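**Student:** Here is the input, now give the coordinates:
(chains A and B)
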Amino acid sequence: MLFLIAKRLLLIVVVLAGMSVITFGLTRIIPGDPARLLAGPEARAEQVEALRQQYGLDKPVLTQYIDYIGGLFHGDFGQSLTTRRPVTEDFAEFVPATVELTAAALLLIVFIGIPLGFLSARRPNGVLDHFSRILTVAGMSMPVFWLGVLFQIMFFKWLAILPSGGRLGLIESAPPHVTGLYTVDSLLAGDFGLFKSAVIHLILPAFTLALASLATITRVSRAAVIGVLRTDYVRTAYARGLSERQVTTRHVFKNAMIPTVTVLGMQIGILLGGNLIVEAVFSWPGIGLYAVNAIKNLDFAPIMGVMLISAVAYVTVNLIVDLVYLLLNPRITYVREPG
Amino acid sequence: MTVLLADAATARQRLRSRLHSVFSRFPIGRSRSAQIGLILSLLVVFIAIASPVLTPYDPLAIDPGSRLQPPTVEHWFGTDQQGRDVFSRTIAGSRISIVSAMIIVALAVTIGVTIGIVAGYAGGWVDETLMRIADVFLAFPPLLLAMGVAAALGPSLSNAILATSLVWWPWYARVARAEALHIKHEGFVDAARTVGASNARILRTHILPVARTPIIVQISLSLGAAIVTLASLSFIGLGAQAPTPEWGTMIAEGRAYLLNQWWIVTAPGVAIFVTIMAFNILGDGVQEVLSPPEK
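**Tutor:** Below is the predicted model of the structure:
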């Protein structure tokens, strides 16, 4: 078991090194001269040259790469041209909003998707099963940006019950900073009015971000339960006279969680990508919106920074999923793919 | 006369047996979603092919006199902020999305399958190196990798296509590698090697054809996702640029008029939803028919 974890960690080091090569490589294939881009269109030749030296762009590529890696270890993701601040400072401001949105979406996926899948599997072709089938087919085919816009038309314009964007109303100010999550901070400050507003602002973006993954999880958990219900050990459990409830909690639920958790880990990648779109649609001031604004200004340090920290978050989540997997199923020995 | 009829009869018979062999290899009769998906997908592809004939107006023609008109008999889906016909633009968009998705998948298959079968067949450090490279690509959230590459290459439709195919090649590499590993010790591969066939020849004539089925399944599953990714890149400004009638771009442009002119975003939104759903249902069906879940 320890060996397996060590091997997995080693693989992650390889993956992280590879990622840094990719993000570094991408900043080098940018058409045009980064120093000139940094200096702006009106800069004189000597200003550009000074910047080139300041950022070490005159050094050999390998030295530049080593400097880049060294910087990353010190939390230096470079300077944003748009906000004129270090990317790390911008992250401190924008990451909590993204964490709040992603966590809310994840809660919806886990507490709606998994129960829906499990209940649909109990009565295949029942009313609930048909409903969840329609939901999964539609949910998996709905592009995030169109869903967000559709929600805005329906709930903001027509029904006028939910706001169209932002984290709080225009005249409200953020709760005192503790975690940076407005829902949590407003509760800590004991301000229930603000908490309500924070939740109301969270509903549409969170559902928009969650729907495709929620559909996937419903489908996977339904298939998993149906698979487990057909196994011999479930039949044996019934034969031993265990009640439906005992079989469900002891055998079915636990075993069906294994594939579900794996797919859930993979969905985190979809959510982290979806943040770009959802935050842009709902003006949600997280790192997704930050990256999209950076794209409009061809501001590369934030783009690569967002790409890198999202990838690290994704890799970390999947490592945790693998470990949970080991706990859920002690029989799993880590064989990497066939062969 | 009778001779001609007899010829026609044999020709018909030959056609029927040819069709029969195709259908026995892809028994779509077994899966209702394969049938529905195939019909819907063919419809979408037909619209894409016939789009120049189906569009009542030039999708790029600006008409300042009829800006922001709601749906009418002349303009079924209304007009946009520059007076362009939304129906024509939506129809024209199908061609861009579908052709782009096909290019993305073709590129990803070419890169991925080549790397995958070489890795599986060669084994050893070649396999290890190639698969770790694939792992690195798979470790990025898909849309973020595409975004980074597309941003670095510069915003344009062709760069977005290239960036999106970079997201998908590792999946094909994995599928192809697994097949190559599976087959390389089969008797017919050994036999080919014994008679002196080169490695390249073995890969091309013996391994590739066998690996075809799982690759077809993978292709059918990724068409819809390719369309979404590309449209998402366009939506954030990294794909097709205005005034190209691409669905993601159209929705991004139409968002400014969301509250009073909802039809500008609705037509491309519904079009992209239907298209992706068609390909997803087809993908499920193909998977059901070609690789039924193991019991």
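**Student:** how close does residue A:255 get to residue A:248?
**Tutor:** 11 Å (Cβ to Cβ, to the nearest Å). Every residue, glycine included, has its C-beta placed from N, CA and C.
**Student:** Overlap of the contact sets of those two?
**Tutor:** Counting by Cβ atoms under 8 Å, 6 or more residues apart in numbering or on different chains, residue A:255 and residue A:248 have no shared contacts at all.
**Student:** mind listing the strands for chain A?
**Tutor:** Applying DSSP state E to chain A gives no strands.
**Student:** Kindly list the single helix or strand of it that scores lowest on mean pLDDT.
**Tutor:** helix A:34-39 (a mean of 67; mean pLDDT, DSSP states H and E).
**Student:** max-length helix in the chain?
**Tutor:** Picking chain A for this. In chain A, assigned by DSSP state H, the helix with the most residues is helix A:192-229.
**Student:** Chain B, not that one
**Tutor:** helix B:86-122.
**Student:** Could you confirm whether it reaches chain A?
**Tutor:** Yes: for helix B:86-122, a contact with chain A is found by Cβ under 8 Å from any Cβ of the partner chain, at residue B:120.
**Student:** how far out from the middle of the chain is that helix?
**Tutor:** 5 Å (Cα atoms, centre = their mean, to the nearest Å).
**Student:** how about that helix: buried residues?
**Tutor:** Neighbour counts over helix B:86-122 (16 or more other Cβ atoms under 10 Å in any protein chain shown) mark B:86-98, B:100-105, B:107-109, B:111-121 as buried.
**Student:** Tell me the spacing between residue B:38 and residue A:294.
**Tutor:** Applying Cβ to Cβ, the value for residue B:38 to residue A:294 is 42 Å.
**Student:** Helices of the stretch 51-200 of chain A, start to end?
**Tutor:** A:61-73, A:87-108, A:114-122, A:127-141, A:144-151, A:182-188, A:192-229 (DSSP state H, counting those that start in this stretch).
**Student:** Mind checking if the fifth one is in reach of chain B?
**Tutor:** Yes: remark: helix A:144-151 sits within contact range of chain B at A:144-146, A:149-150, by Cβ under 8 Å from any Cβ.
**Student:** and residue A:71, what is it in contact with?
**Tutor:** Residue A:71 neighbours (Cβ under 8 Å, 6+ apart): A:77-78.
**Student:** Show the contacting residues for residue B:58.
**Tutor:** Applying Cβ under 8 Å, 6+ apart, the residues contacting residue B:58 are residue B:88.
**Student:** element containing it?
**Tutor:** For residue B:58, there is no host helix or strand (DSSP states H and E).
**Student:** And it, what's its pLDDT?
**Tutor:** Listed pLDDT for residue B:58 reads 81.
**Student:** One more: the one 4 residues further on?
**Tutor:** If you check residue B:62, the pLDDT there is 78.
**Student:** now residue B:102
**Tutor:** 92.
**Student:** Leaving out the residues flanking it, which one is nearest to it?
**Tutor:** residue B:223 (7.9 Å; Cβ to Cβ, 6 or more residues apart in numbering or on different chains).
**Student:** Now the element after whichever strand or helix holds that neighbour, going C-ward?
**Tutor:** Using DSSP H and E, residue B:223 sits in helix B:212-235. Next along the chain after helix B:212-235, taking DSSP H and E as the criterion, comes helix B:247-254.
**Student:** Now look at that next one and say if it contacts chain A.
**Tutor:** Yes: Helix B:247-254 reaches chain A (Cβ under 8 Å from any Cβ) through B:248, B:251-252.
**Student:** and if you look at stretch B:125-132?
**Tutor:** Yes: using Cβ under 8 Å from any Cβ as the criterion, contacts between stretch B:125-132 and chain A involve residue B:132.
**Student:** Contacts for that stretch, please.
**Tutor:** Contacts for stretch B:125-132 (Cβ under 8 Å, 6+ apart): A:11, A:14-15, A:18, B:115, B:118-120, B:173-174, B:177.
**Student:** of those residues, the lowest pLDDT goes to which?
**Tutor:** residue A:11 (80).
**Student:** Might one say that that one is in contact with residue B:138?
**Tutor:** No: with contacts counted by Cβ atoms under 8 Å, residue A:11 stays clear of residue B:138, the gap being 11.7 Å.
**Student:** Would you quantify the distance from residue B:240 to residue B:119?
**Tutor:** 34 Å.
**Student:** Now do the buried residues in stretch B:140-152.
**Tutor:** B:140-152.
**Student:** which one of these is nearest chain A?
**Tutor:** residue B:143 (2.9 Å; Cβ to the nearest Cβ).
**Student:** what's the spacing between that closest one and residue B:50?
**Tutor:** With Cβ to Cβ as the criterion, residue B:143 and residue B:50 are 31 Å apart.
**Student:** can you give me the helices in the stretch 1-150 of chain B?
**Tutor:** Shown for the stretch 1-150 of chain B, the helices assigned by DSSP H, counting those that start in this stretch span residues B:2-25, B:32-54, B:86-122, B:124-138, B:142-153.
**Student:** could you say what helices and strands the longest one packs with?
**Tutor:** By that I understand helix B:86-122. Other helices and strands packing on helix B:86-122, by 3 or more Cβ pairs under 8 Å, 6 or more residues apart in numbering or on different chains; DSSP states H and E, are helix B:32-54, helix B:124-138, helix B:157-183, helix B:212-235, helix B:247-254, helix B:263-290.
**Student:** Can you name every helix or strand that the shortest one contacts?
**Tutor:** In terms of contacts (3+ Cβ pairs under 8 Å, 6+ apart), helix B:247-254 is packed against helix A:144-151, helix B:86-122, helix B:212-235, helix B:263-290.
**Student:** would a markdown table of those helices with distance to residue A:106 be doable?
**Tutor:** Shown next, in a markdown table, are the helices and strands packed on helix B:247-254 (distance: least, Cβ to Cβ, whole Å):
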| stretch | distance to residue A:106 |
| --- | --- |
| helix A:144-151 | 15 |
| helix B:86-122 | 29 |
| helix B:212-235 | 20 |
| helix B:263-290 | 23 |
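**Student:** And the furthest pair within the residues of helix A:144-151 next to chain B?
**Tutor:** The span of those, defined through Cβ to Cβ, is set by A:144 and A:150 at 10.7 Å.
**Student:** the more surrounded of those two?
**Tutor:** Ranked by neighbour count (other Cβ atoms under 10 Å in any protein chain shown), residue A:144 and residue A:150 place residue A:144 first, with 27 against 18.
**Student:** quick one, what contacts the residue nearest to the spatial centre of chain A?
**Tutor:** What sits nearest the mean C-alpha location of chain A, by Cα atoms, centre = their mean, is residue A:272, with 2.8 Å. Going by Cβ under 8 Å, 6+ apart, residue A:272 touches A:102, A:310, A:313-314, B:141, B:144.
**Student:** Residue A:247 now?
**Tutor:** A:234, A:237-238.
**Student:** and if you look at residue B:287?
**Tutor:** Applying Cβ under 8 Å, 6+ apart, we find residue B:287 in contact with B:217, B:220-221.
**Student:** Select from those the one having the most neighbours.
**Tutor:** Neighbour counts for these peak at residue B:220, which has 23 neighbours (criterion: other Cβ under 10 Å).
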